[in-house]
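In: Let's see this in three dimensions:
(one chain, ligands or ions: 1)
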Amino acid sequence: MSFVTLQHVSHAFFNKKELTEVLEDITLSVEDGEFVSFIGPSGCGKTTLLSLISGLLTPLEGEIHFTTNTKNIGYMLQQDYLFPWKTIEQNILLGLKVTKTLDEDTKKKALTLLEKVGLAHVQHAYPRQLSGGMRQRVALVRTLATNPGLLLLDEPFSALDYQNKLKLEDLVSVLLKQYNKTSILVTHDIEEAIAMSHRIFLFGGKPGKLIQTFIVPTDIQQLTPFEARRHPTFSLLFEEIWKEMEQLERT
Ligand SMILES: Nc1ncnc2c1ncn2[C@@H]1O[C@H](COP(=O)(O)OP(=O)(O)OP(=O)(O)O)[C@@H](O)[C@H]1O
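Out: Predicted coordinates for the structure are as follows:
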């Protein structure tokens, strides 16, 4: 069953009194429990599409339908946006206060999540005492603790060094599978998209259009992102997408 469906969605921004089209006629759907990635050259409208799906923006044309009545959408971004003067626990609970009434059970679940990402020991520390990778793990906990129906991940790994990025990818992937979350990842990184996704939507052009959809083979999907990169067919799909991207970047 599809979780969210976009039909003929187009969008434009006013720039210096001129209407600039940024997305044109996007039709796609994301299935319940599916992990998809949006990739494509810079400026083709990927982040705008996330904002349209989250309801921050309203499409100029076309329709976006959710099959469930969830309005709780979680965001994980490149920056962690933790409050520096609050402890890790306070940061997580603050996220919860915004979306839910904070009862003991919800609080306990949030702290269990902190344990799951290996950060129970920093519960009372401040963000400045943590590394970038640890702070992103806190941001992940803060997002998941609100039990979002849909997770929107906008370049959440891109500020991390390679090793931390791989570790966080595995963690995100395991947790999202465990909680059966529907997720959309925006990334510039083709490897990351293949390693994490069921399907990859490639956008390109100005205004941005959906150029091609790639299905990640099931045997790759079943692996962790770290293992997926070592699968024999991984590089074949990588090359296929790479060539398409190169062509789009040239046009
Ligand atoms: N609020 C806004 N007002 C005017 N123009 C905007 C606004 N937000 C985005 N744009 C323009 O819309 C186009 C698409 O931007 P968007 O950030 O969605 O692309 P993107 O594919 O996510 O890019 P990147 O990969 O570089 O993050 C760009 O040309 C951008 O300058």
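
In: Would you map the strands across this protein?
Out: Secondary structure of the chain, counting by DSSP state E: strands at 2-15, 18-31, 35-39, 61-66, 73-77, 150-154, 182-186, 199-204, 209-215.

In: how about these in CSV, adding mean neighbour count and distance to residue 193?
Out: C-beta: built from backbone N, CA, C; applies to glycine. Putting those into CSV (neighbours: other Cβ atoms under 10 Å; distance: least, Cβ to Cβ, whole Å) gives the following:
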stretch, mean neighbour count, distance to residue 193
strand 2-15, 16, 19
strand 18-31, 16, 14
strand 35-39, 25, 4
strand 61-66, 14, 22
strand 73-77, 20, 16
strand 150-154, 23, 11
strand 182-186, 24, 7
strand 199-204, 21, 5
strand 209-215, 16, 9
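
In: For these, which has the smallest mean pLDDT value?
Out: Ranked by mean pLDDT, the strands of the chain end with strand 73-77 at the bottom, a mean of 88.

In: With just CA atoms, put that strand into CSV.
Out: In CSV, the C-alpha atoms belonging to strand 73-77 read as follows (Å, rounded to 0.1, in the frame of the first residue of the first chain):
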residue,chain,number,x,y,z
ILE,A,73,6.6,13.9,10.1
GLY,A,74,10.1,13.6,11.4
TYR,A,75,13.1,15.5,9.9
MET,A,76,16.8,14.7,10.2
LEU,A,77,19.1,17.3,8.6
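
In: So which other helices or strands are in contact with it?
Out: helix 46-54, helix 132-145, strand 150-154 (3 or more Cβ pairs under 8 Å, 6 or more residues apart in numbering; DSSP states H and E).

In: Tell me which residues are up against the longest one.
Out: Spelled out, it's helix 132-145. If you take Cβ atoms under 8 Å, 6 or more residues apart in numbering as the criterion, helix 132-145 is touched by 74-77, 80-82, 88, 91-92, 94-96, 106, 109-110, 113-114, 117-119, 122, 127, 130, 151, 156-157, 159-161, 164, 167-168, 171-172, 175, 179, 181.

In: Figure out which of the strands of the chain is closest to residue 222.
Out: Distance to residue 222, taken as Cβ to Cβ, is lowest for strand 35-39 among those, at 12.5 Å.

In: where in this structure is pLDDT low?
Out: 70-71, 98-101 (pLDDT under 70).

In: Contact residues of it facing the ligand?
Out: By Cβ under 6 Å from any ligand atom, the residues of the chain that approach the ligand are 13, 15, 22, 42-48.

In: at 5 Å instead, please
Out: Within the chain, the positions adjacent to the ligand are 13, 22, 42-48 by Cβ under 5 Å from any ligand atom.

In: For the spatially closest residue to residue 11 that is not a sequence neighbour, give its distance to residue 237.
Out: In space, not counting the residues next to it along the chain, residue 11 is nearest to residue 23; the distance is 4.5 Å by Cβ to Cβ, 6 or more residues apart in numbering. For residue 23, the distance to residue 237 under the criterion Cβ to Cβ, to the nearest Å works out to 25 Å.

In: before we move on, what about residue 94?
Out: Distance, residue 94 to residue 237, by Cβ to Cβ: 40 Å.

In: ok, what's across the strand from the residue nearest to residue 11?
Out: Beta bridges link residue 23 to residue 11, residue 208, judged by DSSP bridges.

In: give the contact list for it.
Out: The neighbours of residue 23, taking Cβ under 8 Å, 6+ apart as the test, are 9-11, 45, 48-49, 52, 207-209.
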